[in-house]
Structure formats: structure tokens, C-alpha cells
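[1] I'd like to go over a predicted model; first the sequence, then the structure.
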Amino acid sequence: MQDLEFAEIVGLICKEDTRFDRKAYEFVRQGLDHTVKEVKRKQPERTGKAQHVTGAELLNGIRHYALDQYGPLAKTVLNKWGVRRCSDFGDIVFNLIEYNVFSKTESDRREDFAEIYDFEEAFVKPYQPAGNRRVRRPADQA
């Protein structure tokens, strides 16, 4: 039932803000779940507290989740959904906050999502060869 409700809310949001595909909202929701689990695993002292993560924590969690889910196609997939920079994730999060899907603290701001990382560096570079290694072929060895 909650998923149907989420889908309906995302439908309303997408009618008002056409920049992002519906799949981007589902991805951010899954990325948040992934991030909360990782933060609790790495910082057990946060267990039992409200499941709140900062903008930077969410962006880093989303980055890891995207690389895990889509590998070298992560940037391509995100771009297809209209997500091209960190602030786009912030806009999605704040759209969900406006519809009471996500919550925020008094200190949370859109600016918390301001270009924490570059998409090329975050999603493409991990899959590029390290340096320009020249492969020696038998003809080169003469």
C-alpha cells in the first residue's frame, strides 16, 4: 500500500516538476534506505536514533548505491532520468519533503546538496584505466 501511495505522490510531483523521471525518485528512496543501513553499520552508536542522514551522507550513499546498481552506466542512467549534478538530488529530496514523504531537520537545506562531487569524477572515473599504459606489442619490442 505504501508503494502505491509513493507512486501516486511521485506522479503528482512529476506533474509539477517535469525535470526528473519517476525512476529518479524511486532511486533516491532506495538510495536513502541504502545510506541509512550503511551509516548504522559503520556507526552503531547511531542505532536507535532517528533515521536521519545529512545531505552529504545521502549523496555519498547514493553514489555508492548507483555504482553498485549500474556500474559504468551509472552516470548515463542518472542523466537519462534528468539527474546531472548533486543539486538535482537535493531538488528531488526537497520535492519529497514538500509532500511529507521525507522529513527534514531545522538545519537541513538545499545547499547541503550543492556539488559535493562531480558526476564525471564520481561515476565515470572509477571505470577508466589508471593512466595511459601503453601495451607493448611484439612489433614494438624490436
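    Received the coordinates, thanks. Numbers count the residues shown, from 1 in each chain.

[2] contacts for stretch 15-34?
    With contacts defined as CB atoms under 8 Å, 6 or more residues apart in numbering, stretch 15-34 is touched by 6-7, 10-11, 13-14, 53, 58, 61-62, 64-66, 78, 80-83, 88-89, 91-93, 95-96, 101-102. Heads up, the C-betas are built off the backbone N, CA and C, glycines and all.

[3] ok, now with 6 Å
    Stretch 15-34 has contacts (CB atoms under 6 Å, 6 or more residues apart in numbering) with V10, C14, G61, I62, Y65, W81, G82, V83, I92, N95.

[4] do the same with stretch 70-86
    So stretch 70-86 is in contact with 19-21, 23-24, 59, 66-67, 113, 115-116, 119, 123-124, 127, going by CB under 6 Å, 6+ apart.

[5] which members of the contacts of stretch 15-34 occur in strands, if any?
    Among those, DSSP state E puts none in strands.

[6] how about those, which pair is most distant?
    C14 and G61 (23.3 Å; CB to CB).

[7] the two: which has the busier surroundings?
    Shown here are C14 and G61; by other CB atoms under 10 Å, G61 has more neighbours (20 against 16).

[8] residue nearest the centroid of the protein?
    In the chain, the centroid-proximal residue (CA atoms, centre = their mean) is I62; its distance is 3.1 Å.

[9] how about that one, what does it touch?
    Taking CB under 6 Å, 6+ apart, one finds G31 in contact with I62.

[10] kindly recompute the last result at 10 Å.
    By CB atoms under 10 Å, 6 or more residues apart in numbering, the contact list for I62 reads 27-28, 30-32, 34-35, 74, 78, 83, 86, 89, 92-93, 116, 122.
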